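>>> Sequence first, predicted model second:
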Amino acid sequence: MAGQSKVADSFILPDQEPYRDVQAKYTVKYPYDPRQSLELLQSIGYAPGADGFLHDAAGAQLAWLARTTAGDDLREKILLISADNWKRAGMNVSTYIIPRQQADDPEYRANFPAMELVRQPADINGTRNVHGRTTSLPENSYKGTGNRSRYFNKDLDDLIDRLFTTISLPDRREVMGQIDHILTTDVPFFMIMYATGTFLVNNRVTNFKSDGPWNSYQWDVK
C-alpha cells in the first residue's frame, strides 16, 4: 500500500491517541504468517495434494469463491491480489466480479456462498452496520442495511446499543474496546485496509483528522 494506508488490525480507526491503551488491551491481532496458516490447516486434517492445493481427509480440495461488485477499481485489484495470495498458501480461490445489474438484486447479494469484498465504515459509526438488526434476511425481504456476514451475537448487539447511550467518553472508549475484542476474536469478517482520501486543508486549521472532516466540531483556526 506504499504507506498510503495501514493494515486493518482493528475495527477502531488508527492513530487515535485516546484509543491506544484500549486497543492494546482488547484488539486481537493476526500477523501475516503463511507458514503458521499452513500449520494450522494441517492440524485440522488438510494436506497438500498433487495439484498444489490443500485437501481434506476425504480428498475434497480447499476451495471457494470470492467476489465483489463491478465499478470499484481498488476493490477489484484487492480481490485478485487476495485470491493470488490464498492460492500461494494452498487454497484454490476463484473470483467473480458482479455486474451492476446483478449487484442490485438484494437476495443474490445476501446469499453469497463464501466471501464478498465490500467497503464499509469502521469505528463508532461503523458499529451500526454490524448490529444483528441490520442483517438481510428473508423476513425483511433482504433489505438489511449492513450486517452482510449474518453474524449474530447478543453481547455485541448490547454493547453497540450501549455505545450510543453512554455519554462519558472514557466509558464509550471502553465499550468500543469490548466491541473490537469480539470482532477481532470471532472474526465474522476480516478487515484488509482502511480507506484513504485526499483533502485540501488550510494550514491554519488545527485538529483536522487524516480520515476526513467528520470532526469539524473540534476544528480551530490559529
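Yep, it's here.

>>> Kindly format the C-alpha coordinates of stretch 119-133 as PDB.
Extracted C-alpha coordinates of stretch 119-133, given in PDB (Å, rounded to 0.1, in the frame of the first residue of the first chain):
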ATOM      1  CA  ARG A 119     -16.400  -1.200   1.600                       C
ATOM      2  CA  GLN A 120     -17.900  -0.500   5.000                       C
ATOM      3  CA  PRO A 121     -17.300   2.200   7.600                       C
ATOM      4  CA  ALA A 122     -15.300   1.300  10.700                       C
ATOM      5  CA  ASP A 123     -15.100   2.800  14.200                       C
ATOM      6  CA  ILE A 124     -18.100   4.100  16.100                       C
ATOM      7  CA  ASN A 125     -20.200   4.900  13.100                       C
ATOM      8  CA  GLY A 126     -19.400   1.600  11.500                       C
ATOM      9  CA  THR A 127     -20.800  -0.400  14.500                       C
ATOM     10  CA  ARG A 128     -24.300   0.300  13.300                       C
ATOM     11  CA  ASN A 129     -23.600  -1.900  10.300                       C
ATOM     12  CA  VAL A 130     -22.600  -5.000  12.400                       C
ATOM     13  CA  HIS A 131     -25.700  -5.000  14.700                       C
ATOM     14  CA  GLY A 132     -27.900  -8.000  14.200                       C
ATOM     15  CA  ARG A 133     -30.900  -5.900  13.300                       C
END
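
>>> residues of that stretch that come out buried?
A122, D123, I124, G126, T127, R128, N129, V130, H131, G132 (16 or more other C-beta atoms under 10 Å). No exception for glycine: its C-beta is placed from N, CA and C like everyone else's.

>>> What of stretch 166-178?
For stretch 166-178, the neighbour count (16+ other C-beta under 10 Å) marks T166, R172, R173, E174, V175, M176, G177, Q178 as buried.

>>> how close does L40 get to P48?
14 Å (C-beta to C-beta, to the nearest Å).

>>> cool, N215 as well?
Per C-beta to C-beta, N215 is found 50 Å from P48.

>>> sorry, back to before: now for the buried residues of stretch 119-133, which pair is the farthest apart?
The two members of the buried residues of stretch 119-133 with the most space between them (C-beta to C-beta) are D123 and G132, at 19.1 Å.

>>> hey, which helix is longest across the chain?
helix 169-186 (DSSP state H).

>>> Relative to the whole chain's centre, how far out is that one?
Counting by C-alpha atoms, centre = their mean, to the nearest Å, helix 169-186 is centred 15 Å from the centre of its parent chain.

>>> Now do that helix: which elements does it pack against?
Of the remaining helices and strands, those touching helix 169-186 by 3 or more C-beta pairs under 8 Å, 6 or more residues apart in numbering; DSSP states H and E are helix 20-26, helix 123-126, helix 154-163.

>>> Can you name the element that comes right after that helix?
Remark: after helix 169-186, the chain's next helix or strand is strand 205-206, criterion DSSP states H and E.
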